[in-house]
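# Kindly return the folded structure for what I paste below:
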Amino acid sequence: MVTLARNWDALCLYAWRPHMYNPQLKNWLHRIQVPTLVLWGASDRIVTPDYGCAYSSLIPGAQFAVIDEAGHHPELEQPRAFVGRVARFLGRCSARVAAA
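Presented below is the predicted three-dimensional model:
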């Protein structure tokens, strides 16, 4: 998994072209109507946390969090921290649904 992730990172770093992203994405994010958690690696050198925070601010009610000591793949680099953040987020969502 780590080798695969690193190869993907290298591809993005050295072969980035406009076809590898959707320039219209920011125009659609406001349509997301489900609880959203955006997690980002604090040391991401491909796409900075500021970029992720800006995009998450376009999603109504989204929460943005940074995972320390992680780069572009926090799910691989800090799996416990990643799962912990996701579990807490899902727990809060479940509690809200149960209370409603």
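# what sits against Val2?
Neighbouring residues of Val2 by Cβ atoms under 8 Å, 6 or more residues apart in numbering: Leu76. Just so you know, the C-beta spots here come from the backbone N, C-alpha and C atoms, and that holds for glycine as well.
# Pull out the buried residues from the longest helix seen in the chain.
For the chain, the helix reaching the highest residue count under DSSP state H is reported as helix 79-99. Buried positions in helix 79-99, judged by neighbour count with 16 or more other Cβ atoms under 10 Å: 81-82, 85, 89.
# for this structure, what are the low-confidence residue spans?
Scanning the chain with the threshold set as pLDDT under 70 gives 15-21.
# ranges for the strands of it?
Assigned by DSSP state E, the chain shows strands spanning 37-41, 63-67.
# Could you tell me the angle between the first one and strand 63-67?
On the basis of axes from the mean of the first three to the mean of the last three Cα atoms, to 10 degrees, strand 37-41 is oriented at 20 degrees to strand 63-67.
# Strand 37-41 pairs with which strands, and in what direction?
Strand pairing for strand 37-41, determined by DSSP bridges: strand 63-67 (parallel).
# For the partner strand, C-alpha coordinates in PDB please.
The C-alpha trace of strand 63-67 is given here as PDB (Å, rounded to 0.1, in the frame of the first residue of the first chain):
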ATOM      1  CA  GLN A  63     -15.400  20.100   9.500                       C
ATOM      2  CA  PHE A  64     -11.700  20.300   8.600                       C
ATOM      3  CA  ALA A  65      -9.000  18.700  10.600                       C
ATOM      4  CA  VAL A  66      -5.200  18.300  10.100                       C
ATOM      5  CA  ILE A  67      -3.400  15.100  11.100                       C
END
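# in that strand, what's buried?
Residues of strand 63-67 classed as buried by neighbour count (16+ other Cβ under 10 Å): 64-67.
# Give me the angle between it and helix 79-99.
160 degrees.
# Show me the contact partners of strand 63-67.
Contacts to strand 63-67, defined as Cβ under 8 Å, 6+ apart, come from residues 36-42, 49, 52-53, 56-57, 74, 77-78, 81-82, 85, 89.
# Could you turn the buried ones of the residues you listed into a ChimeraX selection?
To isolate the buried members of those in ChimeraX, using 16+ other Cβ under 10 Å:
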select :36,37,38,39,40,41,49,52,56,74,77,78,81,82,85,89
